[in-house]
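1. would you be able to build a 3D model of this:
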Amino acid sequence: MGQQQLLKKEQPHHHRSSTQHLSSISSKLQQRGWMQTIIDYRLELAKIANEMETLDESKTRQEEYKYQVRHYQNYTFDISPIYNVLRSAIDTVGVRGVIFDILNDEYDYFLYYPHSPQYDCFKSHGVGVDCTAFDTWWMYHFTGATIADHFLDSIRNGNRNNNEQEHDKRTGILWDGITNQRFTSMEGLIREIQKYQRLPYVNSASFHAQHAIIWQYLAQAYPDIQEYPSQLADTLCRSNADSGPRYARTVGKGIDHECYHGFGHAVFYVVAKRQMKLQQQQKRMIVNDPTVPSKNFPFPTTTPSISARLQVRPSSGFELTKEAMCQVYALCKGAIRSYDDKDKEDEYPYSKGVRVCLEGVVHSVRLFSDTRHNKKETVAYVMEEMHRCEKTTEKTGHRKKLGKTSSLKNDTSTSAEHSHFLLDSKRIRPPKEESDGLNDRR
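-> Okay, here's the model as predicted:
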């Protein structure tokens, strides 16, 4: 599918009569009403998360994880039960209902009652062995990954109602279960989320979900990307004079910055997915090698790769190889954007755009590693790898100026129909932000 189609300007759907409008509302929503439907899904998500966490912490499951890592290099786990509930909720109340109503602050009460969480995942930004994969923090991200996956399905194949198994040929992901507003472009969806992020009562769910929407979307829509997608990032993230406030005071987050931070996560996610795919191919070659006795080969013919349903397990020990880290370098060095200044006293000695990209990478490394949880040490490790990759590039004679404007022109999936996405070399400096969140603890 062309990137032009995925990012085209949104054309809202309107209904001509009250009868048509009523028929567009799901039967569950008509029977239970909005608030009760929200509560039903909130209860269901919390129940499934608690059940999965109990199973996850069992001795049998922990031994299984260790075996999978040791023998299969499998660092993933299946969140299909959560994914299925979220897909159903999106088809019923829409993305707005899921992010801003189901996952509002009351979700914590449903998840943790009658006990308080033993570890604050939000203060640690999801990092650490005590922050389980089923805490609220991770639920926000699983929601974003599900939204991106559902969005792409709805564009390609229309919608299928999970409850009634009836095919809905209207394309676009449902935004609002009452008005039946749908979005057929990622730009329209992200911009609508950002409108709500400017409201005074918003919580942090939409910001975390947006990170995962971006990383899942980029990994599925542009898996072979070779340069940082500056045009796409600016289209989704950069505010303009008509956008309104660029800082959400209630949660202390810069709206633009959080969106760009999601692209840093996306760089890590895309490269991680490639690494797993390469491991699959290598294992198939070994399995098919007649010189290798099958009894001495403990690996399956395929190694699970990551998807919206199959997520990398937090603190699982997954790390990028040195070759993969150089792919990160190649992508992030093109994230110059309009941030062409550089802080003199900074742990990331690159332009601000590159730094925001690397922040997302550092955060991702800390989320999935079982040892690299300290931010300062992880920053030092990532920067050492970036310098190594820069020197390697110099030696091969293919060095490009750090921060050079990049495009999707080297993406193997790019063709003439994608020309709309190539980045204009003209740089436009945005209005000064109140805060960009660069000093946060991620």
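
2. what average pLDDT does the host helix or strand of Arg96 get?
-> Using DSSP states H and E, the element containing Arg96 is helix 80-97. What helix 80-97 shows for mean pLDDT is 97.

3. begin at 30 from here
-> Sure, I'll start counting at 30 from here, so that last one is helix 109-126.

4. residues in contact with it?
-> 55, 57-58, 63, 66-67, 70, 73-74, 77-78, 81, 127, 130-131, 168, 171-172, 175-176, 179, 188, 190-192, 202-206, 210, 212, 218, 221-222, 225, 337-338 (Cβ atoms under 8 Å, 6 or more residues apart in numbering). Any C-beta I mention is one placed from the backbone N, CA and C, and that applies to glycine too.

5. which is the next helix or strand following it?
-> Once the chain leaves helix 109-126, the following helix or strand, as judged by DSSP H and E, is helix 135-141.

6. so Arg401 sits against Ala409, correct?
-> No: the pair Arg401 / Ala409 is not scored as a contact, 10.1 Å apart, by Cβ atoms under 8 Å.

7. if you count surrounding residues, which of the two has more?
-> Arg401 (19 against 13; other Cβ atoms under 10 Å).

8. helix, strand or coil for the more buried one?
-> Following DSSP: H, G, I helix; E, B strand; the rest coil, Arg401 is assigned to coil.

9. spatially central residue in this protein, please.
-> In the chain, the centroid-proximal residue (Cα atoms, centre = their mean) is Ala241; its distance is 1.8 Å.

10. pull the CA atoms of stretch 250-261 into CSV?
-> Only the C-alpha atoms of stretch 250-261 are listed here, as CSV (Å, rounded to 0.1, in the frame of the first residue of the first chain):
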residue,chain,number,x,y,z
ALA,A,250,4.1,0.0,6.9
TYR,A,251,7.8,0.7,6.2
PRO,A,252,9.8,-2.4,7.3
ASP,A,253,12.6,-1.9,4.8
ILE,A,254,13.2,1.8,5.5
GLN,A,255,16.8,2.8,5.2
GLU,A,256,16.8,6.4,6.3
TYR,A,257,15.0,8.3,9.0
PRO,A,258,11.4,9.2,7.8
SER,A,259,11.7,12.9,8.4
GLN,A,260,8.7,13.8,6.2
LEU,A,261,6.5,11.3,8.0
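
11. name the residues of that stretch that are buried.
-> By neighbour count on 16 or more other Cβ atoms under 10 Å, the buried set for stretch 250-261 is Ala250, Tyr251, Ile254, Gln255, Glu256, Tyr257, Pro258, Ser259, Gln260, Leu261.

12. please confirm that the third one is located within a strand.
-> Just to be clear, that refers to Ile254. No: counting by three-state DSSP, Ile254 is not part of a strand but coil.

13. next step: the buried residues of stretch 250-261 restricted to helices.
-> Counting by DSSP state H, the buried residues of stretch 250-261 place Ala250, Ser259, Gln260, Leu261 in helices.

14. and the two most separated of these?
-> Ala250 and Ser259 (15.6 Å; Cβ to Cβ).

15. list of residues touching stretch 348-363?
-> 254-257, 259, 293, 296-297, 299-301, 303-304, 379, 383, 386-387, 390, 394, 397-398, 401, 411, 414-415, 417-419, 421-422, 429, 431-435.

16. so where's the chain shaky on pLDDT?
-> The chain contains residues with pLDDT under 70 at 30-53, 145, 147, 187-199, 270-271, 310, 312-333, 366-379, 426-471.

17. now with 80?
-> 30-54, 100-102, 142-148, 186-199, 269-273, 308-334, 365-380, 423-471 (pLDDT under 80).

18. buried stuff in the helix holding Arg125?
-> 110-112, 114-126.

19. max pairwise distance over those residues: which two?
-> That would be Pro110 and Arg125, which, of these, are the farthest apart (Cβ to Cβ) at 23.2 Å.

20. which residues of the stretch 330-471 of the chain fall in strands?
-> Secondary structure of the stretch 330-471 of the chain (DSSP state E, counting those that start in this stretch): strands at 339-341.

21. which residues of it fall in helices?
-> 351-361, 381-397, 404-425 (DSSP state H, counting those that start in this stretch).

22. what's the closest of these to Asp159?
-> helix 381-397 (13.2 Å).

23. what angle do the closest one and helix 404-425 make?
-> Helix 381-397 and helix 404-425 are oriented at 120 degrees to each other (axes from the mean of the first three to the mean of the last three Cα atoms, to 10 degrees).

24. output helix 381-397 as PDB, restricted to C-alpha atoms.
-> Extracted C-alpha coordinates of helix 381-397, given in PDB (Å, rounded to 0.1, in the frame of the first residue of the first chain):
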ATOM      1  CA  LYS A 381      18.700  18.000  18.900                       C
ATOM      2  CA  GLY A 382      16.700  16.000  16.300                       C
ATOM      3  CA  VAL A 383      19.300  13.100  16.400                       C
ATOM      4  CA  ARG A 384      19.300  13.400  20.200                       C
ATOM      5  CA  VAL A 385      15.500  12.900  20.500                       C
ATOM      6  CA  CYS A 386      15.800   9.800  18.200                       C
ATOM      7  CA  LEU A 387      18.600   8.400  20.300                       C
ATOM      8  CA  GLU A 388      16.600   9.100  23.500                       C
ATOM      9  CA  GLY A 389      13.900   6.700  22.200                       C
ATOM     10  CA  VAL A 390      16.500   4.100  21.400                       C
ATOM     11  CA  VAL A 391      18.100   4.400  24.900                       C
ATOM     12  CA  HIS A 392      14.700   4.100  26.500                       C
ATOM     13  CA  SER A 393      14.000   1.000  24.400                       C
ATOM     14  CA  VAL A 394      17.300  -0.600  25.300                       C
ATOM     15  CA  ARG A 395      16.500  -0.100  29.000                       C
ATOM     16  CA  LEU A 396      13.000  -1.500  28.700                       C
ATOM     17  CA  PHE A 397      14.100  -4.900  27.200                       C
END
